[in-house]
Every structure is written in C-alpha cells, then in structure tokens.
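J.: The following comprises the amino acid sequence and a computationally predicted model.
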Protein chains: 2
Amino acid sequence: MRAVCVIGLGLIGGSVLRAAAAAGRPAWGATISEEDAAAAEQAGFEVLETEAALRRAASEDALIVLATPLTAVQGVLRKVAANAPHSWLTDVVSVKDPVDQEVRKQVPTAHYAGGHPMAGLSDSGFLAGSAELFSGAAWAVTIEERTSLRAWLESARLALDCGAHVVPTSAAAHDDAVARISHLPHLFAAVLAAVGADGGPLALSLAAGSFRDGTRVSASPPELVQAMTEGNKPALLDALDDALGRLGAARGSLASTGGLKSTVDSGHQSRISLEELDAEPRETSTIALGENALSRLRELGELGGRVTALTDEAATIEVPAS
Amino acid sequence: MRAVCVIGLGLIGGSVLRAAAAAGRPAWGATISEEDAAAAEQAGFEVLETEAALRRAASEDALIVLATPLTAVQGVLRKVAANAPHSWLTDVVSVKDPVDQEVRKQVPTAHYAGGHPMAGLSDSGFLAGSAELFSGAAWAVTIEERTSLRAWLESARLALDCGAHVVPTSAAAHDDAVARISHLPHLFAAVLAAVGADGGPLALSLAAGSFRDGTRVSASPPELVQAMTEGNKPALLDALDDALGRLGAARGSLASTGGLKSTVDSGHQSRISLEELDAEPRETSTIALGENALSRLRELGELGGRVTALTDEAATIEVPAS
C-alpha cells in the first residue's frame, strides 16, 4: 500500500494520518503547530520537519496530502516543488479551484488530484480528530482536463481507505456546490447568531431548537471559517446573491401582502427532496478504468453518484435511482 | 389541582393534555381534527365537542388552554365568550400580542395570561407529542399592564406542571425575541434549503453538517411555519431587516476587499456568548407574590431569568449571574 505523508496535522490532517495508518499504510506527518506535533507524537506517529517529510515522500514514492489552511498552501507547494516535484499529490482544502491553480503554477510535474472530505469543523486541532471522522462521509476528488487516471485513483483510494465515499467532480462544480451547502450556511449561521444576540438576554433565554441548530456551526474556529469562505469568493457571491434575492422577495411579500407561503413552501419542498434523496434506493454501476473513465465518473458525480469501491480494473459507483 | 381544558390536540396541545394529566390534574380536550381526536381517545383521554368542553370548563372552573394555530384563535375565542366568559384562560400560540389583542376584544372578562412553550415543531399531530415534550424547556408567560397576578399564576403553574421553566415577559418583548430566535431561523432555513437545491444533485450529494443543521426546521409542516411567521409580521420585518443589513454588508465586503472577518467574528462571538450563558452559574432569587411581583418578575425575565418554582407566597427565579 502506498505510504502517506500528511502536511498539516489539525482536525482533518490528523484524522487522515490516523485513518491511513489504521488502513495499514505507512504514514508520517509534518506541522508548524508545536501543539499538534506533540499530540501526534504522543499518539505514536512520526512527525518530521516539513522538508524532511517531503524528501522522505519522494524517496518512498508516497502520496503527499496537503492539509493546511488555504492561506498556507502556496508556501507548502514551494517546498513540494523543491523536495518532491514528481510526487503523488492531493489535498483536503475546502476550495478546489484555487488549490488546483496553485499546483499547476508551482508543481506542474506532480501527479495531482484535489480532494475535500465533507467532515466536521466545530472543533479543531489534532486532538479533536479520529480515524473514524470520515466514515460514510462524502469526499470530493477532482477531475480536470489534465487530471491523469492514475493520480485520481491514488487520491480516491486514500478517501476510500479513510472510510469515505468518493464524489467525482470538477474543481469548479465542487466550488459552486460547497458555496451553497457549506460556505453560505456558515455565513447564515454567523448572521443568525448576531441577530439573535441583538435581541438581548430575553431572546437567548427563549432560544430553542431552530436557533441552536441554525447557529451551531458559528462555534467553529472563526479563522478557519474566514479562510474557507473568503477562499471561494466568486462562487460564494453567486450563492449569496441567490439567497439575498430570495430573502428580499420574502421581505417584500411579508411587508406588502403579508404572505410567506412561497418562501416557506419552496424551502420545505427542497428539504423534503434532500431527505428523500438520502432514503431512496441507489443504482450501482461499474465503470471500467479505461479511456474516458474519468469523464464518465465526473458525469455520474454531477448526478449525485458516489464511488464506493475501486479495484485495479473498475470503479463501483452508486447513483440515485431517480 | 385546577382542571385543564385543552382546545386543539396537535403536537403542543396533545402534549399539554398528557403532561397536565400526568401531573394529576383532571384534563379533557377538544379538536376539529378527527385524527387527533381518535388518537387522544385511544390514549385514554376524554375528547368533547368544543362548546361542550368549554361549558364543562366553566362549570368546573378549569383553566382553558388555546392550542390551535393563530388563524383559528378568533373563532375559538368567540366560543369561549359564549360558553365560559369568566374562565381562567391561557394559550400556547407562538405569537403573543395578536392573541392578547384578540382576547381583550372577544373575552375581556376572562382571566388571561398568554403562554408560549419553546418546544419542537418538526413533526405534528397528537401522536407526535408526549408528556415530556416540555421538560426543561423555556415557556414564556406574558405580563401586560392589565394582567392579574392570579391569572398569571394559573398559567405559570401549568407550565411548571408540564416540566418547563417560566420566562416572564411582555407580549411585545416576547414577539420581538421570537422573531429573532425562531421565526427568522425558520425563514433562513427555508432560503438555505432552496439555495442548496438550486445547486442540483452534486450539491446535495456533498451536503454535510452545516447544511443539514441549517435547514433542519424547514422540514416542519409548512402551514404551521407560515402561520407563525406571518402572524408576527412587524417584529419579523425588524429582525429580517437586521439580517439583510448584515448579509448586505458581508456581500459588499466580500465583493470589494474580499474580507468576511467582521461577519464571521461577530457571529462566532454571539454563539460563544450563548454557550457561556447556558453553562454559567445562575443566581436564585425569591420574589414575594405581593403587589409589584409581576413587574419585578418581568424585569428579571428581560435579564434572562426563569421561574423554576412557585408556592402560594413566592416565586423562585434563576437569573444569569453576569
């Protein structure tokens, strides 16, 4: 099994390190956080200086996993270019197009396919993670025109080894999607928390399920939320404008006719569709790993498909039946 | 113990009926829903026609609890005026000023104090309820200039018997608060669900905690969400304008400088304050139930205080220490 070198050992990176090791892979890491380094060593993992970790990755032909915030990616990629320019490379950063562009610029010779596990963020640091964090989660692995099948398979196999299901997608489609289902929800949670607090102690005293659920993710480390939302600016602006349009229409309707039926009904229908999608049976397809496999996988990913198994010859992908 | 007559036997009314009976009170109900009536009878409760239930309330000097949607309150109050005009009266409707006004108009002779238990809404109907639904929940009981101490105590004792803590508040302050911590969260959830669905199957396939939490309450029965949000129009417009202002500022900042720090930080700080408020020690005060007791209780309610016990002479109220 291919060794794994994880750069960044916070919640996500630390969990990848644990899960890769639990799957039987040789695994080591590097981090600039002394706290995370100490915690990882305490847990029995080898923690090296970043450049030493990357040189070892080059010599053992390991898969390098960038698990730093987006703001640190450029600096780490420079070190990858200097120490392991032909490596297998993936990342777990929450936006994909900016990372993809940076990889193309800094390490064009790497065998890269980007990744993004859709897993929790409310706590941070190595100690908050676990080998099971990704169990059953969706994990996007990106396919661009230039992505090689071999590079994609290396990234996808890591995701499967971590217990996740792989969602094949382009970086741009991923970024549009997560603006809607992750970054906008974080902004909404922040605004809702602030509007609630404006109501003073009485409002917080009456706050129950709807407010607690709606604001939960605003407890996440603010610097991480800021980095991921700001890093997806164009797609987040689109999602935010969609939301502002809908809220403005609701406001206008409430102020004039007093009616909120169309807002409430369309939200309800959307949520019920999500719950039905979770519950409905899925069709299993087998995609031979030949020419055009990646474009076929990406098409099925757009339809909600998730790769659940990979052999040397084929990918098993489950797609919603409807 | 004073008997309880519950008009409307859905999730909330049905749970009040069960909890009142479990506390040892004589209790009966009425509902226009054949399904809820059958379920309540199946559970061993007496279900009468509305006017018969109200006449019995008059003859047994019972506390009448209005547990219908806001849109049905006016019709039921006409029947209260005809059959039990001098009754003890409360309600569990999610807005308080419109109900208060309607009571003043239709049954000025009733001994009324409005109520609102802050308990779940995702399912509906008698069968979705339980005697424990209100356990540990906040339950607003309103205090207006004209509210008599005896009427307030009757409503508050019901809330305590149901296992809730009583938040003393004016109807107007309640309506402002719930616009922020319940009605706006329901609108946000609806808009978020719709914006996510606009992202298609890929977006829903990647949807994880932040989206699922942020849209959960949009699964609630849409006619109930519509009734409660539309019923609190002036306060909800204020809360919505506060939210639109904050979202507009975030959009402007993201589009220009690319920065979301102030939005994210203020949301984070607000959520942490809420969590600290939950965790921090509370000071217990005892308020003698004499003259001015209600205005003192309302003041402490505004500071986040909750009444946890009542005797004939005094109320015990817990107020956040800071």
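T.: Yep, it's here.
J.: Now do the residue in the stretch 101-250 of chain A positioned nearest to chain B against B:I272, distance only.
T.: Nearest to chain B in the stretch 101-250 of chain A, going by Cβ to the nearest Cβ, is A:A190, at a distance of 2.5 Å. To be clear about C-beta, it is placed using only N, CA and C from the backbone, and glycine gets the same treatment. Distance, A:A190 to B:I272, by Cβ to Cβ, to the nearest Å: 12 Å.
J.: got any ranges where chain A has weak pLDDT?
T.: Within chain A, the segments meeting pLDDT under 70 span A:121.
J.: can you pull the buried residues of the longest helix seen in it?
T.: As assigned by DSSP state H, the longest helix anywhere in chain A is helix A:233-256. Residues A:233, A:235-236, A:238-240, A:242-244, A:246-247, A:250-251, A:253-254 are the ones in helix A:233-256 that count as buried (16 or more other Cβ atoms under 10 Å in any protein chain shown).
J.: Next: stretch A:111-131.
T.: So, applying 16+ other Cβ under 10 Å, buried residues of stretch A:111-131: A:111-121, A:124, A:126-129, A:131.
J.: Run through the helices of the stretch 151-300 of chain A in chain order.
T.: Here the stretch 151-300 of chain A has its helices, by DSSP state H, counting those that start in this stretch, at A:171-178, A:184-197, A:200-206, A:209-215, A:222-230, A:233-256, A:261-279, A:293-302.
J.: got these as TSV, with distance to B:D36 columns?
T.: Formatted as TSV, the helices of the stretch 151-300 of chain A follow (distance: least, Cβ to Cβ, whole Å):
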stretch	distance to B:D36
helix A:171-178	41
helix A:184-197	33
helix A:200-206	27
helix A:209-215	22
helix A:222-230	44
helix A:233-256	30
helix A:261-279	21
helix A:293-302	44
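J.: Out of those, which gets nearest to B:R296?
T.: Proximity to B:R296 (Cβ to Cβ) singles out helix A:200-206 among the helices of the stretch 151-300 of chain A, at 15.1 Å.
J.: Check whether that closest one comes near chain B.
T.: Yes - Helix A:200-206 lies within reach of chain B by Cβ under 8 Å from any Cβ of the partner chain, at A:200-206.
J.: Could you export that helix as PDB, CA atoms only?
T.: Output of helix A:200-206 as PDB, limited to C-alpha atoms (Å, rounded to 0.1, in the frame of the first residue of the first chain):
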ATOM      1  CA  GLY A 200     -30.600  40.500  24.400                       C
ATOM      2  CA  PRO A 201     -30.800  38.000  27.300                       C
ATOM      3  CA  LEU A 202     -34.600  37.500  26.900                       C
ATOM      4  CA  ALA A 203     -34.100  36.300  23.300                       C
ATOM      5  CA  LEU A 204     -31.300  34.000  24.200                       C
ATOM      6  CA  SER A 205     -33.300  32.700  27.200                       C
ATOM      7  CA  LEU A 206     -36.100  31.700  24.800                       C
END
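J.: Name the residues linked to the one residue sitting closest to the centre of chain A by a beta bridge.
T.: Residue closest to the average C-alpha location in chain A (Cα atoms, centre = their mean): A:H116, at 2.8 Å. The partner list for A:H116 in beta bridges (DSSP bridges) reads A:A140.
J.: So it sits against A:D97, correct?
T.: No - A:H116 is beyond contact range of A:D97, at 11.3 Å (criterion: Cβ atoms under 8 Å).
J.: joint contacts of the two?
T.: A:H174 (Cβ atoms under 8 Å, 6 or more residues apart in numbering or on different chains).
J.: how about stretch A:263-282: buried residues?
T.: If you call a residue buried by 16+ other Cβ under 10 Å, then stretch A:263-282 has these buried ones: A:263-271, A:273-274, A:277, A:282.
J.: Excluding sequence neighbours, find me the nearest residue to A:G29.
T.: A:V6 (4.2 Å; Cβ to Cβ, 6 or more residues apart in numbering or on different chains).
J.: give me phi/psi at A:I7?
T.: A:I7 adopts backbone torsions of phi -100, psi 110, taken as degrees, to the nearest 10.
J.: for A:R55, same thing?
T.: The phi and psi values for A:R55, taken as degrees, to the nearest 10, are phi -60, psi -40.
J.: got a list of what A:L160 touches?
T.: Applying Cβ under 8 Å, 6+ apart, the residues contacting A:L160 are A:166, A:307-310.
J.: returning to what we had before: which other helices and strands contact the longest helix of chain A?
T.: helix A:171-178, helix A:184-197, helix A:261-279, helix B:184-197, helix B:233-256 (3 or more Cβ pairs under 8 Å, 6 or more residues apart in numbering or on different chains; DSSP states H and E).
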